[in-house]
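Asker: Have a look at this prediction, sequence included:
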Amino acid sequence: MTRKVTKAIFPVAGLGTRFLPATKSIPKEIMTLVDRPLIQYAIDEARAAGIKEFIFVTSRGKGALEDYFDHSPVLEQELRKKGKDALLETLKMTNMDSGAIAYIRQHKALGLGHAVWCARRLLDPKEPFAVILPDDVIAADKPCLQQMVEAYEEIGGSMVAAMEVPDDKVSSYGVLDIKEDMGAYVSAKGMVEKPAPGTEPSNLAVIGRYILSPNVMKNLNQMKAGAGGEIQLTDAIADEIESDRGVYGYRFAGQRFDCGSKAGFLQATIAFGLSRPELRDELQEYLDTLSSIRTAAQ
């Protein structure tokens with residue numbers, strides 16, 4: 001019987017250089033899709049999956065990220081006084097209970113594996129844990145991590161979210177070498193981080209959602225440098241493939257947006273805007289008008 005997944009690690013120490021100059025003064029994770037910051041989407045997904053403890057691996061300059069989850073009594077009082085109950089409920093969703101959230105500093109940028117390793121003392125050595133990368137925003141009827149938790153309770157092991165990507169994009173991802181394809185999920189016989197073009201074992205790429213055996217943290221303790229000279233989480237997961245526990249890729253149902261890139265962030269903004277009833281008509285009208293103008297200009 002598998003143990004419940006109740007803790008999640010959020011690696012948010014990156015500098016967000018692709019979004020300069022905005023990220024000179026605000027953490028990238030606070031940048032908003034419509035009216036919610038990226039980190040709120042990640043937190044909401046984790047909550048839906050049953051996560052109770054939230055561990056943030058941060059770095060210098062992330063104070064606004066920590067403040068975001070704090071209570072704001074003055075603002076709450078003003079909303080209550082003005083009868084803005086809907087906004088008050090929205091604001092309450094950003095609050096975290098005392099003790100539910102912890103912050104750990106990553107002092108050196110040594111890779112995703114190292115960021116996850118920094119949280120080791122806040123984890124039960126016998127308990128599985130989740131890892132969520134807020135840059136990967138996934139629109140789904142059932143949140144991606146919730147889908148994975150349900151699958152994990154059936155098969156155990158370590159599990160990574162996976163999706164097929166175009167051949168010319170494969171070298172930008174960690175990629176699964178497939179042992180057996182079972183439809184919704186696959187068992188892996190290998191994992192390769194950012195394979196050179198033409199050497200990739202498949203086009204099934206690892207996306208920023210993980211449910212990991214506690215043994216993955218033990219593997220990270222070895223501090224083995226991988227691709228790019230960094231400590232790769234992919235390598236620590238791959239070490240589990242030959243164990244009895246196994247490693248699985250889960251084909252989630254939903255649309256993933258790479259909000260670590262400007263194009264992906266803009267695409268997500270449009271998609272989430274169109275999903276909002278109060279914004280859909282006006283935004284669609286603008287997009288149609290813009291398309292007509294461009295067509296006429298050509």
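Answerer: That came in fine, so what should we check first?

Asker: Against residue 30, how distant is residue 252?
Answerer: Separation of residue 252 from residue 30 (Cβ to Cβ, to the nearest Å) stands at 25 Å. For every residue, glycine as well, the C-beta is placed using N, CA and C.

Asker: Looking at those two, which has the bigger crowd around it?
Answerer: For residue 252 versus residue 30, neighbours defined as other Cβ atoms under 10 Å are more numerous around residue 252 (24 against 19).

Asker: In space, what's closest to that one - neighbours in sequence excluded?
Answerer: residue 144 (4.6 Å; Cβ to Cβ, 6 or more residues apart in numbering).

Asker: from what I can see the one you found touches residue 211, true?
Answerer: No: applying Cβ atoms under 8 Å, one finds residue 144 not in contact with residue 211, separated by 11.0 Å.

Asker: picking up where we left off before, mind listing what the residue nearest to residue 252 touches?
Answerer: 45, 138, 161, 209, 252, 254 (Cβ atoms under 8 Å, 6 or more residues apart in numbering).

Asker: make it 6 Å
Answerer: 138, 209, 252, 254 (Cβ atoms under 6 Å, 6 or more residues apart in numbering).

Asker: Closest one to residue 236 out of these, please.
Answerer: Lowest distance from residue 236 to these (Cβ to Cβ) belongs to residue 209, with 16.0 Å.

Asker: Make sure I have this right: that closest one is in a strand.
Answerer: Yes: assessed with DSSP: H, G, I helix; E, B strand; the rest coil, residue 209 lies in a strand.

Asker: Output the longest helix belonging to the protein.
Answerer: helix 277-297 (DSSP state H).

Asker: So which residues make contact with that one?
Answerer: So helix 277-297 is contacted by 273-274 (Cβ under 6 Å, 6+ apart).

Asker: buried residues in it?
Answerer: Buried residues in helix 277-297, counting neighbours by 16 or more other Cβ atoms under 10 Å, are absent.

Asker: Residue 48 and residue 178, how far apart?
Answerer: In terms of Cβ to Cβ, residue 48 sits 29 Å off from residue 178.

Asker: and if you look at residue 220?
Answerer: From residue 220 to residue 178 the distance is 24 Å (Cβ to Cβ).

Asker: go on, residue 196?
Answerer: Distance from residue 196 to residue 178, by Cβ to Cβ: 19 Å.

Asker: before we move on, what about residue 4?
Answerer: 28 Å.

Asker: Give me the more crowded residue out of the two.
Answerer: Remark: of residue 4 and residue 178, residue 178 carries more neighbours, 17 against 13, as counted by other Cβ under 10 Å.

Asker: Now the stretch of helix or strand the more buried one belongs to: buried residues?
Answerer: Residue 178 belongs to strand 174-181 when assigned by DSSP states H and E. Buried residues in strand 174-181, defined by neighbour count with 16+ other Cβ under 10 Å: 174-178.

Asker: With stretch 155-167 instead?
Answerer: For stretch 155-167, by 16+ other Cβ under 10 Å, it's 156-163, 165.

Asker: same check, this time on stretch 17-28
Answerer: Across stretch 17-28, burial judged by 16+ other Cβ under 10 Å covers 19, 23, 26-28.

Asker: same deal with stretch 114-128?
Answerer: 114-120, 123, 128.

Asker: Residue 233: neighbouring residues, count only.
Answerer: Around residue 233 there are 29 residues (other Cβ under 10 Å).

Asker: State the distance from the closest residue in space to residue 122 that isn't next to it in sequence to residue 128.
Answerer: Computed as Cβ to Cβ, 6+ apart, the closest residue to residue 122 that is not its neighbour in sequence is residue 55, at 5.3 Å. Using Cβ to Cβ, residue 55 is found at 14 Å from residue 128.
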